[in-house]
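>>> coords below, sequence missing:
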C-alpha cells in the first residue's frame, strides 16, 4: 500500500510531514487529510496563531496528488470551545 504525506501550508510556509501514513488509496488519504484539517482548525480556533490554509497530499513518489484547503470546517462546537477558553483567562 502507498504511503501519503500530509504537508501543512500556513501562509508562505509549508510544514513537511516526514513520516506519512500508509493508506489503501487516494480516497482514504483524502479522508485522513479532512480529519487532519478539522483537528488543525479546531486547535487553531483556540489560539492566536495565523491560520493554516491547506494540506498538500504527496504520494510515496513525491508527486502532489491533492490539495485540500483548510477553512470552513469550523462549526458551532469549535466556536464554543474558543469562547470557553477565553472565558477562563
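Looks like it came in fine. Bear in mind the structure is a predicted one, so any value in this text is a computation, not a measurement.
>>> the lengthiest helix in the chain - contacts with which helices or strands?
As assigned by DSSP state H, the longest helix anywhere in the chain is helix 26-45. Contacts defined by 3 or more CB pairs under 8 Å, 6 or more residues apart in numbering; DSSP states H and E place helix 26-45 against strand 3-10, strand 54-58, strand 64-69, helix 76-87. Yep, even glycine has a C-beta here, placed from its N, CA and C like the rest.
>>> what's the average pLDDT for that helix?
Helix 26-45 carries an average pLDDT of 89.
>>> need the contact list for the most centrally placed residue in the chain.
What sits nearest the mean C-alpha location of the chain, by CA atoms, centre = their mean, is residue 37, with 2.9 Å. Taking CB atoms under 8 Å, 6 or more residues apart in numbering, we find residue 37 in contact with 55, 68, 69, 70, 73.
>>> export those to CSV and tack on neighbour count and pLDDT?
Conversion of the contacts of residue 37 to CSV gives the following (neighbours: other CB atoms under 10 Å; pLDDT from 0 to 100):
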residue, neighbour count, pLDDT
55, 24, 93
68, 18, 88
69, 12, 88
70, 22, 85
73, 16, 49
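>>> nearest to residue 61, of these?
Nearest to residue 61 out of the contacts of residue 37 is residue 55 (CB to CB; 18.2 Å).
>>> can you count the residues close to the closest residue to residue 49 other than its chain neighbours?
Sequence neighbours aside, residue 10 is the residue nearest to residue 49 in space, at 7.9 Å (criterion: CB to CB, 6 or more residues apart in numbering). Neighbour count for residue 10, taken as other CB atoms under 10 Å: 16.
>>> repeat for the one 5 residues further on
Other residues near residue 15 come to 12 when the count uses other CB under 10 Å.
>>> now do the one 4 residues further on
Counted with other CB under 10 Å, residues neighbouring residue 19 total 8.
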